[in-house]
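>>> Let me see the structure of the following:
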Amino acid sequence: MEPLIAAVRSGNAAAVHALLRAGADPDSADEHGTPALCLAVNAFDLPMAEALLEASARPDRTDAVGSTPLLRAIELGAYHITNMLVSRGAHMWIKDAEGRDALALARYWHETDVVAEFGRRTGRRGPVDRRTVSSDDGNCEQLSLGGLTVRTGHAAILTELERSYGIATSFRELLSRALAEPDVDHVVWWATTSALSERHGPTTWNAAAALRDRSDSLERYFGAEVIRLINLFDESDDAPFDEPLVDLFLPWVTSEPDPRVARSLTAGLADCQDPRREEPLTALTRHVDSGVRHTALSGLHRPIERGDDEALSAAVERTTDEDAAVRRQACRALASAPTHDRGATDALAACLTDPDEDVRVEAAVRLALRDDPRGDEILDELPPAAEDSPHYWLLYEVARHRHG
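Got it, this is the predicted structure:
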C-alpha cells in the first residue's frame, strides 16, 4: 500500500502533510482504484480532503465505479465537504451511473428514507446506530448500519446546490425542510435561513415576519432567524433593515416564551445599530435563559464604551452569573469601558479568582490590555499556547499590545 493511502485511511493528518510536502502524488489511488480524495470523503474527513486539494488533487477524479468526490459526498450527506468541493471548483454537471448530476442526486437523497435505503442495500433491518456530529455551522445525525454510514445533511446540501444552480426555492419549501429537523442547530436550519436572507425584498421579509404569531415555536424561530440574517448580511451603508427589525423584535422579545426564539431575537437586536435596542438589551442580561444573557451582553459594548452606567452595571452584575460562559462574556463587555473606569477594571480583577479557568484567563487578558498587572501571574503560569488553543489569540493580543 502506498504510504499516502495508508496515512489517509488511518486519518493521520501529520503524516499526510509530511508526505505531500515530500512530493507524494495527491491523486494516488488504493488497490481498488479509489483516489485518496475519495477515501477522505468516505471518512468524512474535511481537513484531510482540504489538504489533498491544496496539494493539487484533482477534484473530479473518479473512482472505479465512476463516482467523483462531490457525488460521493452528496450521497453520504456530508454537508461541509460538499460545500468545500463546490467552492474548490468541483463540477456539478458530472453524472453518476444512474445519470444523476449533483443536483439530481441531492434531490434523490433528500426524498429518500435513509433507513429504508440502508435496509435495501444491506439486507438488514437494524437497529441503526445513531449519533450526533457537530461543527461550527451546525449539527448532523450520523446513521450507521451494516458497514454503511450516512449523515443527515441531504436537505441542507440540496438547498446549497439550488443556490449554486441559481434556483430560488420557495419560502414555504425551505420552511418545510427546516421544520423536518426539530434540532435548530442542525445544518439545514442554517442552509435554509441563510438562503432566504439573500432575498432582501418585502416578500421574504413579510413572510418571515408573519411567522411571529404562529403557535409552533419552531416556525417563530425560523422567521426570527431569516429577519436577523437579512439585517446581519446587509452590506448597504444606510442600514435599511435596522429600524424595521427593532420595530418588530422589541415587542416580540418581551413576550416570547421559547428561549431558542428569544436568543435569535436578542442576537438580532445585538447586531443592529438602532439606539432603541440598548435599554432592552440591558434588561435581557437578566433573562432566565443563559444564552439570552450571553447574547445580550455582546450587544452592550458600544454603550459601555461611552460610559453608560446602566450597561456597565449590567455587565458587572453578570461577572457573578451562574453560567461560566456568561461570566466570560461579561469580561469581554467590561473590556470596552474607558481605561480610566476603575469600576470596570476592579470588576475584571475580581474575576481573577473565578472557579473557571477560561474566565480567569479572559479577565487577566483584559486587565493586561488595560495595562493593569493584577492578572499577570495567571498569564505567566500558562503554557505556550498552540494555534488550536482556546487561549492562543487572547495571548497573541496581549503580546502584540506589550511589544507593539
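>>> what about the helices in the stretch 301-404 of the chain?
According to DSSP state H, counting those that start in this stretch, the stretch 301-404 of the chain carries its helices in the segments 301-305, 309-318, 324-334, 342-350, 357-369, 376-381, 392-403.
>>> Columns mean neighbour count, mean pLDDT and distance to residue 217 on top of those helices, output as JSON lines?
Every C-beta, even on glycine, is put in place using the N, C-alpha and C of the backbone. Converted to JSON lines, the helices of the stretch 301-404 of the chain look like this (neighbours: other C-beta atoms under 10 Å; pLDDT from 0 to 100; distance: least, C-beta to C-beta, whole Å):
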{"stretch": "helix 301-305", "mean neighbour count": "19", "mean pLDDT": "95", "distance to residue 217": "29"}
{"stretch": "helix 309-318", "mean neighbour count": "20", "mean pLDDT": "97", "distance to residue 217": "26"}
{"stretch": "helix 324-334", "mean neighbour count": "23", "mean pLDDT": "98", "distance to residue 217": "23"}
{"stretch": "helix 342-350", "mean neighbour count": "18", "mean pLDDT": "97", "distance to residue 217": "36"}
{"stretch": "helix 357-369", "mean neighbour count": "23", "mean pLDDT": "97", "distance to residue 217": "31"}
{"stretch": "helix 376-381", "mean neighbour count": "13", "mean pLDDT": "94", "distance to residue 217": "42"}
{"stretch": "helix 392-403", "mean neighbour count": "13", "mean pLDDT": "92", "distance to residue 217": "36"}
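>>> Out of these, which is closest to residue 58?
The closest of these to residue 58 is helix 392-403. By C-beta to C-beta, the value is 34.2 Å.
>>> Please enumerate residues in contact with that closest one?
361, 362, 365, 368, 369, 379, 382, 385, 386 (C-beta atoms under 8 Å, 6 or more residues apart in numbering).
>>> Please could you give me each C-alpha atom of it, formatted as CSV?
The C-alpha trace of helix 392-403 is given here as CSV (Å, rounded to 0.1, in the frame of the first residue of the first chain):
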residue,chain,number,x,y,z
TYR,A,392,-4.0,31.4,21.6
TRP,A,393,-5.5,34.6,20.1
LEU,A,394,-6.0,36.2,23.5
LEU,A,395,-2.3,35.7,24.4
TYR,A,396,-1.3,36.9,20.9
GLU,A,397,-3.3,40.1,21.5
VAL,A,398,-1.5,40.7,24.8
ALA,A,399,1.9,40.1,23.2
ARG,A,400,1.1,42.5,20.4
HIS,A,401,-0.1,45.1,22.9
ARG,A,402,3.0,44.9,25.0
HIS,A,403,5.6,44.7,22.2
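>>> The helix or strand of the chain with the lowest mean pLDDT packs against which elements?
Using mean pLDDT, DSSP states H and E, the weakest-scoring helix or strand in the chain turns out to be helix 114-122, at a mean of 81. Applying 3 or more C-beta pairs under 8 Å, 6 or more residues apart in numbering; DSSP states H and E, one finds that helix 114-122 contacts strand 138-145, strand 148-151.
>>> By residue count, tell me the biggest helix in this protein.
Longest helix in the chain by number of residues, with DSSP state H as the criterion: helix 217-233.
>>> What residues sit buried inside the host helix or strand of residue 160?
Here residue 160, judged by DSSP states H and E, is contained in helix 154-164. For helix 154-164, a neighbour-count test (16 or more other C-beta atoms under 10 Å) marks 154, 155, 156, 157, 158, 159, 160, 161, 162, 163 as buried.
>>> how big is the angle separating it from helix 114-122?
Orientation check (axes from the mean of the first three to the mean of the last three C-alpha atoms, to 10 degrees): helix 154-164 against helix 114-122 gives 100 degrees.
>>> Now helix 154-164 - C-alpha only, PDB.
The C-alpha trace of helix 154-164 is given here as PDB (Å, rounded to 0.1, in the frame of the first residue of the first chain):
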ATOM      1  CA  HIS A 154     -29.100  16.000   2.400                       C
ATOM      2  CA  ALA A 155     -31.700  18.700   2.800                       C
ATOM      3  CA  ALA A 156     -29.000  21.200   3.500                       C
ATOM      4  CA  ILE A 157     -26.900  20.000   0.600                       C
ATOM      5  CA  LEU A 158     -29.900  20.300  -1.800                       C
ATOM      6  CA  THR A 159     -30.600  23.800  -0.500                       C
ATOM      7  CA  GLU A 160     -27.000  24.900  -1.100                       C
ATOM      8  CA  LEU A 161     -26.800  23.300  -4.500                       C
ATOM      9  CA  GLU A 162     -30.000  25.000  -5.600                       C
ATOM     10  CA  ARG A 163     -28.400  28.300  -4.700                       C
ATOM     11  CA  SER A 164     -25.400  27.400  -6.800                       C
END
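>>> Run the chain-centre distance for it.
Centroid separation for helix 154-164 versus its chain: 17 Å, with C-alpha atoms, centre = their mean, to the nearest Å.
>>> Which helix or strand lies directly C-terminal to it?
Counting by DSSP H and E, the next helix or strand C-terminal to helix 154-164 is helix 171-179.
>>> So what touches that following helix?
Contacts of helix 171-179 (C-beta under 8 Å, 6+ apart): 110, 155, 158-159, 188-189, 192-193, 195-196, 203-204, 207-208, 216, 218-219, 222.
>>> let's see it at 7 Å
155, 159, 188, 189, 192, 195, 196, 204, 207, 218, 222 (C-beta atoms under 7 Å, 6 or more residues apart in numbering).
>>> Determine which residue lies closest to the centroid of the chain.
The centroid of the chain falls nearest to residue 137 when counting by C-alpha atoms, centre = their mean (2.7 Å).
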